[in-house]
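Asks: this is the structure alone, sequence omitted:
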Ligand SMILES: CC(C)(COP(=O)(O)OP(=O)(O)OC[C@H]1O[C@@H](n2cnc3c(N)ncnc32)[C@H](O)[C@@H]1OP(=O)(O)O)[C@@H](O)C(=O)NCCC(=O)NCCS
C-alpha cells in the first residue's frame, strides 16, 4: 500500500518544491515575495494533499466588517497541520513555528472552508507541513485559495520533550 506521506516531492510550486533546490532564497523573486504563495496561483485544490478539515465559517468567526478573522483561519490551519503531524508522528506533536503565512483573499460568513495539508519535510524529530485553505461559497461549487502557510511541528514524548519520528510503515 502506498504511504500516506509524500515528503518533499513535487508540490504546487514545481518540481523543486516550495523552496527550490538550495533552501529558502535570501532575496525572494519580486512576483512572489511570500515563499508559500504558489506562483502561478492554482485554480483547484491540490489533488494529492490531505483534506484535513472542513468547516463552515460562522458569524462568531467574523470581524466587525463581516469578513472572517485571520486568527480563526490560522487556528484551523494549525489544527489541520497538527492532525497530519500527529498521524505521521504516531503520537503527540507540538507546533514549534509558523514559517510563513499568506492571506490571499478574504472569506465571508457562510463559506465552506477546507484545509489541505502536505508533509513537505521530515527532520529527526520535526516535520514541516504545508497548508492551504480553500473556500467555497455555500451556493456555488467553485473553490478559491484563501490562505497558504508552512507550519513546523516537533514530535514529543509524554514529558513534552522532542522524540525521534518513528519509521514509516
Ligand atoms: C517543541 C519543543 C518541545 C522543542 O524543544 P526544543 O528544546 O526546542 O527542541 P530541539 O532544540 O531539540 O529541536 C527539536 C527539533 O525542532 C526543530 N526546531 C526547534 N525550534 C524550531 C523553530 N523555531 N523553527 C523550526 N524548527 C525548530 C529543531 O530543528 C529540531 O529538529 P530536528 O530534530 O528534526 O532536527 C519546545 O520548543 C516546546 O515545547 N515549545 C512549545 C510548543 C507549544 O507549546 N506549541 C503550541 C501548542 S501545540
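Replies: That came through fine. Please read all numbers here as calculations on a predicted model, not as lab measurements.

Asks: going by C-alpha atoms from here, please, whenever you check contacts or count neighbours.
Replies: OK.

Asks: for this structure, what spans make up the helices?
Replies: Counting by DSSP state H, one finds helices in the chain at the ranges 70-89.

Asks: of all of it, which residue lies closest to the ligand?
Replies: Relative to the ligand, the nearest point of the chain is residue 123 (3.2 Å; CA to the nearest ligand atom).

Asks: number of nearby residues for that residue?
Replies: Residue 123 has 10 neighbours, counted by other CA atoms under 10 Å.

Asks: again, but for residue 105
Replies: Residues contacting residue 105 under the criterion other CA under 10 Å number 12.

Asks: name the nearest residue to it, ignoring sequence neighbours.
Replies: In this structure, residue 105 finds its nearest non-sequential neighbour in residue 146, 5.0 Å apart by CA to CA, 6 or more residues apart in numbering.

Asks: same question for residue 95.
Replies: Nearest to residue 95 is residue 153, by CA to CA, 6+ apart, at 4.4 Å.

Asks: give the buried residues for stretch 158-165.
Replies: The neighbour-count check on stretch 158-165 (16 or more other CA atoms under 10 Å) flags 162, 163, 165 as buried.

Asks: what's the answer for stretch 137-146, then?
Replies: 137, 143, 144, 145, 146.
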